[in-house]
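Colleague: Need coordinates for the following:
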Amino acid sequence: MTDADGAVWRPRTCTRCRAQPIVSGNGRFAYLCWWCAFPGQGDPPPCKICGEGAHWTRGYCRNCHPNASHRSCRDCFSWGAVRSGEGWGFLGIFCYACYALRRRRPVGSCPFCDREAALLDGACRLCRHEAGRRAGPRHHISPISQLDPHPSQQLFFAGMLRHLQLASADRHRPVARKPPPPWKPPRGVQGVLFDYPRELTRFVRDSEALQDDPRISHAQALAARLAESSGWSRETAQGVDRALVIVLGSRPDDGQQIRMSELNQLAPRKMSVERTAEVLHEMALLDDDTPDSLAAWVDRQLDGLAPRIEHEVRHWVDFLLGTLPRSRPRPPDSVRRELAYLLPALRSWSERYDSLREVVRDDVKALAFAENQTLDHRTHQLAILRSLFRRLKRDQMIFRNPTTHLSLPSRERLAGARLLPDEELRRAVAWSTGSPERAILIGLAAGQALRPAQMRHLLLDDVNLGERRLVVDGQPWPLHSFTFEALTSYLDYRRTRWPNTQNPHLLISQQTAVELGEVSRTWHKILMRPLGITLVELRQDRLLDELIAHGPDPLHFQNVFGCSIETALNYLRIAEQLFSHDPRFQPMGEQPT
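Modeller: Next up is the predicted model:
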């Protein structure tokens, strides 16, 4: 028994016998105990609160005294009940739950434990929780009828009964949603007299008004379906629900579309703008008014060119984007890269010509055979020039294609192929330790000799851990031991970090986990940048090591890696150069010539 400061509280003792606590705090009873104040009158009266405990001091028993900080509840016997600000004269000796139950339910005799307590469904609170404990955590209604009379009771701490229950594996099973109320976009759309931007961050929620809005119920049901099919996380799904309430609750159902620029206001509030836009797009309520970044970039790059040349180049860009008839759209990154290769030449020709019709073969040769550029750069630039002039010639915008029958010497793709030192390979393996994403990249490149494009296209169905095989381009490949361990750890990491993802690809990122596409081309480059060794170098090292270890046998090389005979012969030529010039592959006692 302690006071408010935590110190042990002791009542004043009798001034006569100096053994028993005083009777009260007023008058002469503040100095004498019951036996000294009323000698010969028998035992003291019972506690004025519980009526059961023996008088201790000031009319209370030891359990009901106001200075007692912790005690057991009278009804449920839970230990740890604390007194409130109004004192135990208000709560008595009951915990908060039993006191609230006594205020709402009648007090009677429990048929199971024969105690006087507040009854709910014909039993006291202690017996009801005992019945629920015996039924397990999956019950919804306490089976009171199955409880025997006078059962044994499992006591508990006050206020901690819910926290002590262990959730089962089926506890968070998704609940079937009720079918949303029917909603369709209105046929007629009310015109806007004054178009002003909406401030979504100042939205005040009205729960009663939002419950009657069928749009919000329909949108949240649609978001739940998209979350289940796309594997959204719980935080993303909850953020989308809040965003839909804000966006749809701040405007009437007048058929007006919601602009994407308004949704961007929700990004600082930790709400997914992209996923909310998907739901609104499904409802035909999204107006994507964001400027096209690619079109703005093309405008900036073509600014300053001759008007006719600019018109011709824009026609070719439209062909790359797929807006012209019988054209296939290219990725935006590819359009940026190809146009960037041509910009120096286009600016140079704009200073001399008014149209690309005036460009002759010598102008193209000056670019293709320039000595200040590498062969790879010039070869790629010539290929893009062929695409440009071929399209303009086909659409009759120029009279002659100056790139016809113009070619460069073939590029030596394996000019930089080499065997990595053993120290570099050990450093790469040590660097990947502890990171499943790094380990799987190094395992697929150094163990399986896969190209980065093949890694991006791998699916989960292509992995067969039981037989230790990996299907690449339709052909089963045996897994290297290092690749098998890296693949096992990566699958565990993928399952733990994105348990709800529906992406079928093996390699996913934070962006593609909620989508169905593959990772970007720069994803692996960003991960491998701190190492200083590319995946191509690791792959070439694996191919050369296999060819050197099993002798100069191109057929064995072709069967192991499933490559063409031309690729096998190219690597065989590189291996022969290593045999003839590298001291590591010379016989003992011989020196390279």
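
Colleague: alpha carbons only for contacts and neighbour counts from here, please
Modeller: OK.

Colleague: now stretch 124-133: mean pLDDT?
Modeller: Averaging pLDDT along stretch 124-133 gives 82.

Colleague: Output that stretch as CSV, restricted to C-alpha atoms.
Modeller: Only the C-alpha atoms of stretch 124-133 are listed here, as CSV (Å, rounded to 0.1, in the frame of the first residue of the first chain):
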residue,chain,number,x,y,z
CYS,A,124,-20.6,-12.9,-14.5
ARG,A,125,-17.6,-11.4,-16.3
LEU,A,126,-15.1,-13.8,-14.9
CYS,A,127,-17.2,-16.9,-16.0
ARG,A,128,-17.8,-15.4,-19.4
HIS,A,129,-14.0,-14.9,-20.0
GLU,A,130,-13.3,-18.4,-18.7
ALA,A,131,-15.8,-19.8,-21.3
GLY,A,132,-14.2,-17.7,-24.0
ARG,A,133,-10.7,-18.9,-23.0
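
Colleague: looking at this structure, which helix or strand is least sure?
Modeller: Lowest mean confidence among the helices and strands of the chain (mean pLDDT, DSSP states H and E): helix 88-91, at a mean of 43.

Colleague: tally of neighbours for residue 298?
Modeller: Around residue 298 there are 16 other residues, counting by other C-alpha atoms under 10 Å.

Colleague: Buried residues in the helix or strand where it lies, which are they?
Modeller: Residue 298 is part of helix 293-302 when elements are defined by DSSP states H and E. Neighbour-count burial for helix 293-302 flags 298, 302 (criterion: 16 or more other C-alpha atoms under 10 Å).

Colleague: distance between that helix and the chain's centre?
Modeller: Counting by C-alpha atoms, centre = their mean, to the nearest Å, helix 293-302 is centred 33 Å from the centre of its parent chain.

Colleague: Mind checking the pLDDT average for it?
Modeller: 89.

Colleague: Next secondary structure element downstream of it?
Modeller: Following helix 293-302 in sequence order, the next helix or strand is helix 307-321 (DSSP H and E).

Colleague: Mean confidence (pLDDT) on whatever helix or strand comes next after that next one, please.
Modeller: For helix 307-321, the following helix or strand on the C-terminal side (DSSP H and E) is helix 332-350. Helix 332-350 carries an average pLDDT of 90.

Colleague: and helix 332-350 with helix 307-321, angle?
Modeller: Angle, helix 332-350 to helix 307-321, by axes from the mean of the first three to the mean of the last three C-alpha atoms, to 10 degrees: 160 degrees.

Colleague: could I get helix 332-350 in CSV with only the CA atoms?
Modeller: The C-alpha trace of helix 332-350 is given here as CSV (Å, rounded to 0.1, in the frame of the first residue of the first chain):
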residue,chain,number,x,y,z
PRO,A,332,10.3,6.9,-74.1
ASP,A,333,13.9,6.3,-72.9
SER,A,334,14.7,4.9,-76.4
VAL,A,335,13.3,7.9,-78.1
ARG,A,336,15.3,10.2,-75.9
ARG,A,337,18.5,8.2,-76.5
GLU,A,338,18.1,8.1,-80.3
LEU,A,339,17.3,11.8,-80.6
ALA,A,340,20.3,12.7,-78.4
TYR,A,341,22.6,10.9,-80.8
LEU,A,342,21.4,13.1,-83.7
LEU,A,343,21.3,16.5,-82.0
PRO,A,344,24.9,17.5,-82.8
ALA,A,345,24.5,16.6,-86.5
LEU,A,346,21.1,18.3,-86.7
ARG,A,347,22.4,21.5,-85.2
SER,A,348,25.3,21.5,-87.6
TRP,A,349,23.1,20.9,-90.7
SER,A,350,20.7,23.6,-89.6
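
Colleague: Next, the buried residues of that helix.
Modeller: Going by neighbour count (16+ other C-alpha under 10 Å), the buried part of helix 332-350 is 335, 338-339, 341-342, 346-347, 349-350.

Colleague: Great, nothing more from me.
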